[in-house]
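Asks: Just a sequence and a predicted model for now, questions to come.
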Amino acid sequence: EVQLVESGGGSVQPGGSLRLSCTASTFSFGSYDMSWVRQAPGKGPEWVSSINSGGITTYYTDSVKGRFTISGDTAKNTLYLQMDTLKPEDTAVYYCVRVRGYYSGTYYFDYWGQGTQVTVSS
């Protein structure tokens, strides 16, 4: 059974940093495109960032460009999301997800982690 386990969330002041990690069981990150998705209180899921299976190409939603960095370590089979210059509007549960496909401008996911809470507040 595929499992994705996130860690690294927490509470931080505006302008601070956090690094989220996601480890996978039963499959290799290097064989799949992977993404991070977040869900803020009272809102629907929002795609944040993706990395292709080769780990070369990355994509970001406009609101996090220049502040967040997605990366992967195939030796550790771990996906990361480095989040810098955090803002209160980044507060959300962050999910590590495996990409099933990308069609007509929309990502489709087949497996989700349990999520990790990120809270940005002074």
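Replies: It's in.
Asks: C-alpha from now on. contacts and neighbour counts both.
Replies: Fine.
Asks: Residue 50 contacts residue 35, doesn't it?
Replies: Yes. Assessed by Cα atoms under 8 Å, residue 50 is found in contact with residue 35 at 4.1 Å.
Asks: Share the number of residues neighbouring the spatially closest residue to residue 39 that is not a sequence neighbour, please.
Replies: The shortest distance from residue 39 to any non-neighbouring residue, by Cα to Cα, 6 or more residues apart in numbering, is to residue 45 (4.5 Å). Applying other Cα atoms under 10 Å, we find 15 other residues in the vicinity of residue 45.
Asks: Tell me if I'm right that residue 45 and residue 93 touch.
Replies: No. Residue 45 is beyond contact range of residue 93, at 9.3 Å (criterion: Cα under 8 Å).
Asks: can you list residues touching both of these two?
Replies: Residues touching both residue 45 and residue 93 (Cα atoms under 8 Å, 6 or more residues apart in numbering): 38-39.
Asks: Scan the protein for its longest strand.
Replies: Taking DSSP state E as the assignment, the strand of the chain that covers the most residues is strand 92-103.
Asks: May I see the buried residues of that strand?
Replies: Residues 92-99 are the ones in strand 92-103 that count as buried (16 or more other Cα atoms under 10 Å).
Asks: contacting residues for the residue at minimal distance from the centre of the chain?
Replies: Centroid-nearest residue in the chain, with Cα atoms, centre = their mean: residue 36, separated by 2.3 Å. Counting by Cα under 8 Å, 6+ apart, residue 36 touches 47-50, 81, 94-97.
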